[in-house]
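1. Build me a model:
(one chain, ligands or ions: 1)
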Amino acid sequence: MRKAAGKRFRLLCCLCSVLILVCQALYGCGEKDVPVRDEKLIRVGFSQVGSESDWRMANTASMISALSESSGFELIFDNAKQRQENQFLAIRNFIQQDVDYIVLAPIAESGWDDVLQEAKNAGIPVIIVDRQIDVGDESLYTSWVGSNFLAEGERAIRWLEGAIQQQGRLNQPLRILHIQGTDGATAQIQRTKALNDAVRTHPGWTVVSRLKGEYTEAKAYELVRDFLSSGEPIDVIYSENDNMSFGAIRALDEAGISYGRDGDVMIISFDAVRDALKLCLEGKINICVECNPLHGPRVASLITQLESGETPPKLTYVDETFFSSGVLSEELIEEREY
Ligand code: AHR
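-> Alright, predicted model coming up:
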């Protein structure tokens, strides 16, 4: 009798467990933390580099505004705080959440093969934005959009050649302080390449020091301050972004060294964000080479093309220019979006 009752009890438990499982599968019972997915929206996971610069903030704002719900997207945003491990983690989370697309703004070019292979295995298209990636298998990403960082560097060098020619210093020694961005980022690699190529072809030019400013104002300020305390003279600062130029300017001010259009040290800066353009208009930065951060609508358009079955170009370079004080005005600066 007791044996039969035990058997009936076990059967009941078994039935209950099956019922719970079916209920969970159908209605998500017991998974209160998992948000209900709106099937009409295109789900995009975006792994952003960090918030290291004004450029980056403008880029984030552009992405968030273009990939909004009102435009048909559900955006899952992750700030990697300038650490590649955080980007790996974010991408794996996006895969788990079964997003429709992964958008990656990579910190550095290398190291992506494994994690992007996982995304490919999961059937999730990956779009790369801003810096590029260096992978063995190009099919690991669908499309890239960003700047031609080498062309930016070459634009800066052409301006420098013209400026020193005007000053009648073309064949004289030129001492350059080089402030570099994050090691291994396309923006760093290509802007550095443009400078190195120029130094090779101009016998009088030397890079007196290379400082690793990581694209931040704080780091560049510290490094330039320490460098200037050595008393070594410089003629040019080649700074691989505006925020590092801001840090350098603070250090120059503290050291009592003049700079800009009428000063002893020429400042070459990349990005052309609003505060840098204002300094350029005042003559404190000699040249701002534009790096356009407004990639949000470009990424949204790539996704739309993929959604309608089109094959977007593998690489899309955006058009850019440069600014020196002669071409700038307050109105022009105000009209710009960043
Ligand atoms: O990759 C673009 C670079 O990254 C920008 O020049 C810089 O400001 C940013 O942090």
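2. contacting residues for residue 337?
-> 58, 294 (C-beta atoms under 8 Å, 6 or more residues apart in numbering). C-beta here means a position set from N, CA and C on the backbone, and glycine is covered the same way.
3. tell me which element it is part of?
-> Residue 337 belongs to no helix or strand when elements are defined using DSSP states H and E.
4. And residue 98, by the same measure?
-> Of the helices and strands defined by DSSP H and E, none includes residue 98.
5. Could you pick out the residues of the stretch 151-300 of the chain near the ligand for me?
-> Proximity of the stretch 151-300 of the chain to the ligand, by C-beta under 6 Å from any ligand atom, involves residues 185, 187, 215, 241, 270-271, 291.
6. neighbour-wise, which of these leads?
-> Counting neighbours by other C-beta atoms under 10 Å, the top entry in those is residue 241, with 32 neighbours.
7. picking that back up, can you pick out the ones from the residues of the stretch 151-300 of the chain next to the ligand that are in helices?
-> residue 187 (DSSP state H).
8. Could you identify the most distant pair in the residues of the stretch 151-300 of the chain next to the ligand?
-> 185 and 271 (13.4 Å; C-beta to C-beta).
9. tell me, what's touching these two both at once?
-> Joint contacts of residue 185 and residue 271 (C-beta under 8 Å, 6+ apart) do not exist.
10. Can you list which of the residues of the stretch 151-300 of the chain next to the ligand are found in strands?
-> 270-271 (DSSP state E).
11. For residue 297, which non-adjacent residue is closest in space?
-> residue 66 (4.8 Å; C-beta to C-beta, 6 or more residues apart in numbering).
12. Quick check on that neighbour: phi, psi?
-> The phi/psi pair for residue 66 (degrees, to the nearest 10) reads phi -80, psi -30.
13. ditto for residue 288
-> Dihedral angles (degrees, to the nearest 10) for residue 288: phi -110, psi 120.
14. hey, what's it bridged with?
-> residue 269, residue 323 (DSSP bridges).
15. That one and residue 271: what is the separation?
-> 7 Å (C-beta to C-beta, to the nearest Å).
16. shared neighbours, the two?
-> Common neighbours of residue 288 and residue 271 (C-beta under 8 Å, 6+ apart) are residue 242.
17. the strands in the stretch 101-250 of the chain, which residues?
-> 101-104, 126-129, 143-146, 174-180, 205-212, 236-239 (DSSP state E, counting those that start in this stretch).
18. Compile the ones you listed into CSV and extend it with columns for distance to residue 338, mean pLDDT and mean neighbour count.
-> Listed next are these as CSV, based on distance: least, C-beta to C-beta, whole Å; pLDDT from 0 to 100; neighbours: other C-beta atoms under 10 Å:
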stretch, distance to residue 338, mean pLDDT, mean neighbour count
strand 101-104, 19, 99, 26
strand 126-129, 16, 99, 24
strand 143-146, 16, 98, 22
strand 174-180, 21, 98, 22
strand 205-212, 25, 98, 17
strand 236-239, 18, 99, 27
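19. can I get the ones you listed in JSON lines with distance to residue 276?
-> JSON lines is the format used below for those (distance: least, C-beta to C-beta, whole Å):
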{"stretch": "strand 101-104", "distance to residue 276": "27"}
{"stretch": "strand 126-129", "distance to residue 276": "22"}
{"stretch": "strand 143-146", "distance to residue 276": "20"}
{"stretch": "strand 174-180", "distance to residue 276": "14"}
{"stretch": "strand 205-212", "distance to residue 276": "18"}
{"stretch": "strand 236-239", "distance to residue 276": "10"}
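20. got the contact list for residue 270?
-> Counted by C-beta under 8 Å, 6+ apart, residue 270 has contacts 152, 156, 187, 191, 239-242, 288-289, 291.
21. Quick check: of the residues you listed, which lies closest to residue 56?
-> residue 241 (9.3 Å).
22. burial of residue 219, as a residue count?
-> 18.
23. sorry, that was for residue 320
-> A count of nearby residues for residue 320, using other C-beta under 10 Å, gives 16.
24. Just confirm it is within a helix.
-> No. Counting by DSSP: H, G, I helix; E, B strand; the rest coil, one finds residue 320 to be coil, located in no helix.
25. For the nearest residue to it once chain neighbours are set aside, give its distance to residue 81.
-> Spatial nearest neighbour of residue 320, excluding adjacent residues (C-beta to C-beta, 6+ apart): residue 290 at 4.4 Å. Using C-beta to C-beta, we find residue 290 at a distance of 26 Å from residue 81.
26. Over to residue 219?
-> 14 Å.
27. what do you get for residue 73?
-> Distance from residue 73 to residue 81, by C-beta to C-beta: 24 Å.
28. who's more crowded, those two?
-> Between residue 73 and residue 81, counted using other C-beta under 10 Å, residue 73 has the larger neighbour count: 21 against 13.
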